[in-house]
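Undergrad: Predicted model follows, preceded by the sequence.
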Amino acid sequence: MTFSIVARCRRTGMFGVAVSSSSPAVAARCAY
């Protein structure tokens, strides 16, 4: 199972991405 979250800072407009996966092979193909 893989979970992803994206957030944007209101002040700077910058984005952040976090990915959590139970399988290392899946996480290797996610955004970084």
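TA: Sure, I can see it.
Undergrad: Nearest residue to the middle of the protein?
TA: Nearest residue to the geometric centre of the chain (Cα atoms, centre = their mean): A18, 2.6 Å.
Undergrad: Could you give the secondary structure assignment for R10?
TA: With DSSP: H, G, I helix; E, B strand; the rest coil as the basis, R10 sits in coil.
Undergrad: Start the count at 3 instead of 1 going forward.
TA: Right, with 3 as the first residue, what we last looked at is R12.
Undergrad: Just give me the neighbour total for it.
TA: 5 (other Cβ atoms under 10 Å). (C-beta placed from N, C-alpha, C; glycine too.)
Undergrad: all helices for the chain, in order.
TA: 26-29 (DSSP state H).
Undergrad: for it, what are the low-confidence residue spans?
TA: Under the criterion pLDDT under 70, the flagged ranges of the chain are 28-34.
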